[in-house]
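1. Sharing a model that was predicted from the sequence below.
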Amino acid sequence: MLMRFISSNRLMVRWLFPLYLILLTLTACGSSMRSSERPEDTKAKAMLQGIWIDEASELVWVRIEGDTIYYADNQNAPVAFRVVHDSIYLTNAYGERAYKIDFQTEEEFWFHSGDKEDMVKIYKSDNPADSLLFQQREVEVISPVKEPIKRDSVVYFQGNRYHGYVQINPSTMKVMRTAYGENGVAADNVYYDNVIYICIYQGTQFIYGKNIVKQTFENVLDKDYLNSAILADMRFLGVDAEGFHFLATLTKPESQVYRAIRLTIREGKIHLLPA
């Protein structure tokens, strides 16, 4: 009789334990619901509508209309936002970032600037003239190169004279780069990329010519870096038995971050190798 009772209880445990795990998992999933699955706080969003001034600098910072934030600095691209639970979410060029809200009224808004402990405090403007800062809605695109830059070099190899040309041309292809302001909040700046034309002559005979764009380097640079970089420079290095050599530089705009790629023309084809 005792053995039958123990066996019966063991059987019950075998059935109940998996059920317990399922319930535990469902509870955990419910408590860790992603922000995209939670309802938006429309009341908090409505309170944010208007023009806001940064308390630290006393300068007009943003204008919020609907679900978009417009910056007073017209080099910063507008961003979409939403308020969910206790955070405001800003969608920048390369993803969404959450900023924890600390305090909110109709006139004041405090939040933490990302991973920093710093508190950003803004208050609503009551000066109608501040709206003039937002009349220009077109984002100012920054062009690192204002006009074409031309370079040419002459080298000799095995008794032959070679002429290498490089021309850096500004384009209208846009590059978005997320940067962080003094308050630690991310904003997108927009830049024009370059197209670089290279060509090679042996004496007066045309050997090779091609427009190079940054997508040329997609197999040797990671996607995230390539998306936020511009093709900044190109130099003709020379010629040897391996081919005609150039050095391309792809930089993060307004920074010291760059990648150098060795570009070799051999038998009419481009071969790439990190420098």
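-> Ah, there it is. Keep in mind that what you see is a predicted model, and the values were worked out from it rather than measured.
2. how about the helices of the stretch 1-150 of the chain, start to end?
-> 2-31, 42-47 (DSSP state H, counting those that start in this stretch).
3. can you tell me which of the ones you listed the model trusts least?
-> Among those, helix 2-31 carries the lowest mean pLDDT, at a mean of 39.
4. show me where pLDDT drops low in the chain?
-> 1-37, 114-117 (pLDDT under 70).
5. okay, now the domains of it?
-> Annotated domains of the chain cover 1-32, 35-134, 149-274 [automatic domain parsing].
6. Tell me which of these lies nearest to Ile142.
-> Closest to Ile142 of the domains of the chain is domain 149-274 (CB to CB; 4.8 Å). For glycine as for every other residue, the C-beta is placed from the backbone atoms N, C-alpha and C.
7. what distance separates the start and the end of that closest one?
-> 24 Å (CA to CA, to the nearest Å).
8. ditto for stretch 65-83
-> Its first and final residues considered, stretch 65-83 spans 14 Å by CA to CA.
9. So which residues make contact with that stretch?
-> Outside stretch 65-83, the residues that touch it by CB atoms under 8 Å, 6 or more residues apart in numbering are 40-41, 44-45, 48-49, 59-64, 88-93, 101, 133-134, 136-140, 142, 176, 187-190.
10. Buried among those? Need that as a selection in ChimeraX.
-> This is the ChimeraX syntax for the buried subset of the contacts of stretch 65-83, where burial follows 16 or more other CB atoms under 10 Å:
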select :41,44,45,48,60,61,62,63,64,88,89,90,91,92,93,101,133,134,139,187,188,189,190
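11. Strands - which of the contacts of stretch 65-83 land there?
-> 59-64, 88-92, 101, 176, 187-190 (DSSP state E).
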